[in-house]
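Novice: Here is my input; please provide its structure:
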Amino acid sequence: MKNYTITVNGTAYDVTVEEGTSTGVQTSAPVAAPKAAPKAAPKAAAPAAGAGDVTVTASVPGKVFKIEASVGQAVKAGDNIVILEAMKMEIPVVAPSDGTVASINVAVGDAIESGDVLATMN
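Specialist: I've put the predicted structure just below:
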């Protein structure tokens, strides 16, 4: 017999499973679930030197796959700045307007959340 603690919707259950049978599952009354560790505060992006007035943000959580633009590069509205990888898809993040890339705030491989600032533009 093996004992497991399983948490379902915040309620912990002690479960005993008999080996070698298909009906040997016994459960006990719910047990108080251990409190989850508090989430770390979201990291604040360090202010980039020469940061621009226009921010380019992530629309989805994922990973930075490729950086297409560089600091100082002139871009037109719709030009790719960063390529994200999310759900096995490559998602381009484009310049919202014509301008110059003032800062790139991420690196290839960084995990990002929706709304994170990826770059700034002037």
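Novice: show me where the chain has strands.
Specialist: Remark: strands assigned in the chain by DSSP state E are 2-8, 11-17, 25-31, 54-57, 62-67, 74-75, 80-86, 89-94, 99-104, 111-112, 117-121.
Novice: Would you mind confirming that residue 67 makes contact with residue 106?
Specialist: Yes - the pair residue 67 and residue 106 qualifies as a contact (C-beta atoms under 8 Å) at a distance of 7.4 Å. Heads up, the C-betas are built off the backbone N, CA and C, glycines and all.
Novice: intersection of neighbour lists for these two?
Specialist: Jointly contacting residue 67 and residue 106 under the rule C-beta atoms under 8 Å, 6 or more residues apart in numbering are residue 82.
Novice: Let me have the strands of the chain in a markdown table, adding mean pLDDT and mean neighbour count as columns.
Specialist: Listed next are those as a markdown table, based on pLDDT from 0 to 100; neighbours: other C-beta atoms under 10 Å:
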| stretch | mean pLDDT | mean neighbour count |
| --- | --- | --- |
| strand 2-8 | 81 | 10 |
| strand 11-17 | 80 | 14 |
| strand 25-31 | 57 | 11 |
| strand 54-57 | 91 | 18 |
| strand 62-67 | 94 | 17 |
| strand 74-75 | 94 | 16 |
| strand 80-86 | 93 | 18 |
| strand 89-94 | 92 | 15 |
| strand 99-104 | 93 | 20 |
| strand 111-112 | 93 | 16 |
| strand 117-121 | 93 | 21 |
